[in-house]
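Chemist: I'd like to go over a predicted model; first the sequence, then the structure.
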Amino acid sequence: MSIRVDPSLSGELIAGINTNQQQLNVDLQELSTGKSVNSLGDNPAVVAALVGNDTETAQVDQFQSNISSLQGLLQVGDSTMSSVVNLMTQAISLGVEGANGTLSNTDRQAIASQMSGILQQMLGLANTTYQGNYIFAGTDDQTAPFTADPTATDGVQYNGNTDVNSVQLSNGQSMAVNVPGSQIFQNASGDVFGALNQMITALQSGTGIDTANTALENAFNTINAQRVFYGNGGAELNTVTSFLSQEKVELSTQQTNLIGADVGQVASDYSQSEVQQEALFAASGKILGEPTLFDYLPS
């Protein structure tokens, strides 16, 4: 006697086996990657959110890179300005010494020579570079901003410009990264090069030393005021860096929430699907009268 098999029943079994196998494959992929979304078809809405998350993360990475470079620039600028202040302190001390009426002409000439050395050191500091760029040249940072020029009013020619570069630190926030050298060293409120040259001339001639000392003090005060830019800039960068670090953590958490798989739950689902698949294979063997994998196992 032959056994008639309902063709719809066998079709349902095969479809069930295929569906269950697909779920097994999905669960296995989630377990191996730790992600609940591994392709666009898994969840288009989540994938779209993930693309947005990746874009924001890339922006934060770029902002952090900008800040890292800027921190180095500001550190060099602040260190240079510290050296400038030290030189001006030495110049003022020498100027006070030169104003002593008991000094001989030879003594004043010796002090003038020391002052000339300070002027040369100051010129070198004013032409400081960072990563191949002159930091006090405005935006014309491939040109040495200062050169000695006896025909210039203060004895030094400025070759840079008065423009300012800026760098984006975060969305909607940017920061100036330089102060033009003319504003620092040739400020109308206190011209560093002019004051030094004035003192050298006064010492060499023996006249106008007190006036030259006043010019040095004005230049010293102006330098200190300009130096604040670099100190404040460093503090601002520290604040933005903390903000970006927190934003990076939040974006990472968001990404995990979007695609992170619940490994415990997926493992449980996978185990259940395996049991179900074994049951489907066993049922198909009995209904279709065909051997199953279990028939080849030793008893």
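Modeler: Received the coordinates, thanks. Predicted, not measured: the structure shown is a model, and the values here were computed from it.
Chemist: only C-alpha atoms for contact and neighbour calcs from this point on.
Modeler: OK.
Chemist: Helix or strand for Asn53, just tell me which one.
Modeler: Assigned by DSSP states H and E, Asn53 belongs to helix 44-98.
Chemist: Thr151 now?
Modeler: Using DSSP H and E, no helix or strand contains Thr151.
Chemist: just to revisit the earlier point, now the helix holding Asn53: average pLDDT?
Modeler: Helix 44-98 carries an average pLDDT of 85.
Chemist: Over to stretch 140-160?
Modeler: The pLDDT scores in stretch 140-160 average 96.
Chemist: Same question for stretch 166-180.
Modeler: Averaged over stretch 166-180, pLDDT sits at 82.
Chemist: what comes into contact with that stretch?
Modeler: Residues outside stretch 166-180 that contact it (C-alpha atoms under 8 Å, 6 or more residues apart in numbering): 60, 63-64, 66-67, 70, 73-74, 135-138, 160-165, 229, 240, 244.
Chemist: redo that, cut-off 10 Å
Modeler: For stretch 166-180, contacts defined as C-alpha atoms under 10 Å, 6 or more residues apart in numbering pick out 59-60, 62-67, 69-71, 73-74, 77, 135-140, 145, 160-165, 186, 226-227, 229-230, 233, 236-237, 240-241, 243-244.
Chemist: one step back: buried stuff in the following helix or strand past the helix holding Asn53?
Modeler: Remark: after helix 44-98, the chain's next helix or strand is helix 105-126, criterion DSSP H and E. Of the residues in helix 105-126, those with enough neighbours to count as buried (16 or more other C-alpha atoms under 10 Å) are Arg108, Gln109, Ile111, Ala112, Met115, Ser116, Ile118, Leu119, Met122, Leu123, Leu125, Ala126.
Chemist: JSON lines for these, including pLDDT?
Modeler: Shown next, in JSON lines, are the buried residues of helix 105-126 (pLDDT from 0 to 100):
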{"residue": "Arg108", "pLDDT": "97"}
{"residue": "Gln109", "pLDDT": "97"}
{"residue": "Ile111", "pLDDT": "98"}
{"residue": "Ala112", "pLDDT": "98"}
{"residue": "Met115", "pLDDT": "98"}
{"residue": "Ser116", "pLDDT": "97"}
{"residue": "Ile118", "pLDDT": "98"}
{"residue": "Leu119", "pLDDT": "98"}
{"residue": "Met122", "pLDDT": "98"}
{"residue": "Leu123", "pLDDT": "98"}
{"residue": "Leu125", "pLDDT": "98"}
{"residue": "Ala126", "pLDDT": "98"}
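Chemist: which stretches of the stretch 101-250 of the chain form strands?
Modeler: Taking DSSP state E, counting those that start in this stretch as the criterion, the stretch 101-250 of the chain carries its strands at 129-130, 133-134, 146-148, 156-158, 166-170, 173-176, 186-187, 190-191.
Chemist: Give me whichever of these is most buried.
Modeler: When those are scored by mean count of other C-alpha atoms under 10 Å, the highest mean neighbour count falls to strand 190-191 (a mean of 22).
Chemist: Output the contacting helices and strands for that strand.
Modeler: The contact analysis (3 or more C-alpha pairs under 10 Å, 6 or more residues apart in numbering; DSSP states H and E) places strand 190-191 against helix 181-185, helix 209-259.
Chemist: can you list the residues that contact that strand?
Modeler: Identification of contacts with strand 190-191 by C-alpha under 10 Å, 6+ apart yields 154, 182-185, 197, 214-223.
Chemist: and what of stretch 63-76?
Modeler: Stretch 63-76 has contacts (C-alpha under 10 Å, 6+ apart) with 57-62, 77-82, 128-131, 133, 135, 166-171, 175-178, 229-234, 237-238, 240-241, 244-245.
Chemist: change it to 6 Å
Modeler: Leu169, Ser170, Tyr230 (C-alpha atoms under 6 Å, 6 or more residues apart in numbering).
Chemist: As JSON lines, the strands of the stretch 101-250 of the chain with distance to Ser252 would be great.
Modeler: JSON lines is the format used below for the strands of the stretch 101-250 of the chain (distance: least, C-alpha to C-alpha, whole Å):
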{"stretch": "strand 129-130", "distance to Ser252": "34"}
{"stretch": "strand 133-134", "distance to Ser252": "36"}
{"stretch": "strand 146-148", "distance to Ser252": "48"}
{"stretch": "strand 156-158", "distance to Ser252": "49"}
{"stretch": "strand 166-170", "distance to Ser252": "17"}
{"stretch": "strand 173-176", "distance to Ser252": "22"}
{"stretch": "strand 186-187", "distance to Ser252": "48"}
{"stretch": "strand 190-191", "distance to Ser252": "51"}
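Chemist: Cheers, nothing more for now.
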